[in-house]
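>>> This is a predicted model, with the sequence first.
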Amino acid sequence: MGARLRSIHAHTKLAHNNCIHLKQNPQPLAYSLISFDVDQTLLDFQRVLDEALREVERFFIGHGINTNAAQLQSIRNDIELKHRTGKVDLLEIRRMSFVEIAGGDQLLAGKALSLFKDVRFGAAYLFDDTIPVLEHLKKRFRIGWLTNGNSTPKAAGIAHLFDYVVYSHDHGFQKPDARIFAAMANKAGGIAASAFVHVGDSLETDVAGANNYGAKSVWLNRGGKLNNSAIQPNWEVRNLFDLCDILDVSGPNNPK
């Protein structure tokens with residue numbers, strides 16, 4: 001059975017001309033590669049993760065192990081901090097966390113991991129601006145999938161909208177390390193940083209990383225959070241539709 005695709009509201013007003021320009025927009029626009037962070041940018045990863053953890057919580061409780069979703073994620077995060085150096089298998093980190101919860105029971109942990117994977121990779125909650133914006137941008141630009149996570153475009157049903165896919169765990173370094181952006185640029189044929197735009201929801205990983213590399217950065221701030229950091233994006237937008245304004249292309253709700 002294919003992935004169950006679900007579109008969710010983008011949690012923002014999908015209006016024309018509400019992007020916030022933080023730095024002068026250079027003219028003419030000469031960008032050719034647009035890369036996107038994935039989790040909480042294109043997909044509501046937190047929603048599907050919560051569902052997967054609740055399923056595993058029920059599984060362990062059913063086997064007499066008192067735990068909860070928050071504890072499951074906390075143990076996983078602690079293990080990642082200890083092991084995430086170089087190339088790493090994120091599902092192996094998840095399995096190790098289940099082994100710890102299961103008191104060393106490898107078989108029980110393996111069953112929990114299978115259940116987790118079925119839920120985690122069985123549904124994709126796409127923000128409702130994801131597909132229409134990617135479809136329009138792909139008419140003019142090369143599109144990249146650049147993530148520190150392990151969501152896949154195939155599972156999300158949108159693999160056809162991407163030219164390049166780069167995972168930090170395949171390279172041994174992650175955003176905001178400039179080298180992961182260089183890996184994306186190299187996949188695109190050695191494209192210059194000046195022709196590269198990266199879009200993401202995290203100031204600390206997406207914006208700082210793009211800035212470190214010398215690419216243009218777009219902070220997708222769906223919730224309208226205040227930026228109290230020293231990290232400054234080239235642009236801030238409330239939704240993906242506003243990328244059409246930044247990139248000077250026609251798009252949904254944005255006729256040119």
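Received the coordinates, thanks. It should be emphasised that the depicted structure is a prediction, and the values quoted were computed from it without experimental measurement.

>>> Could you tell me whether Val99 really is in a helix?
Yes. Read with DSSP: H, G, I helix; E, B strand; the rest coil, Val99 is one of the residues of a helix.

>>> Please list all residues in contact with it.
Listed by CB atoms under 8 Å, 6 or more residues apart in numbering, the contact set of Val99 reads 105-106, 109. In this view, the C-beta of every residue, glycine as well, is placed from N, C-alpha and C.

>>> And it, how far from Gln73?
Between Val99 and Gln73 the computed distance is 15 Å (CB to CB, to the nearest Å).

>>> rewinding a little: among the contacts of Val99, who's most crowded?
Counting neighbours by other CB atoms under 10 Å, the top entry in the contacts of Val99 is Ala109, with 21 neighbours.

>>> Past the lengthiest helix in the chain, which element shows up next along the chain?
Scanning the chain for the helix with the most residues, using DSSP state H, yields helix 45-62. Note on helix 45-62: by DSSP states H and E, the next helix or strand toward the C-terminus is helix 69-83.

>>> Name the residues of that next one that come out as buried.
69, 72, 75-76, 79 (16 or more other CB atoms under 10 Å).

>>> which one of the residues you listed is nearest Val199?
Arg76 (26.9 Å; CB to CB).

>>> Strands of the stretch 51-200 of the chain, start to end?
123-127, 142-147, 164-167, 196-200 (DSSP state E, counting those that start in this stretch).

>>> what sits opposite the nearest residue to Leu146 once chain neighbours are set aside in the beta ladder?
In space, Leu146 comes closest to Ser35 once its chain neighbours are excluded; the distance is 4.4 Å by CB to CB, 6 or more residues apart in numbering. Beta bridges link Ser35 to Gly144, His198, judged by DSSP bridges.
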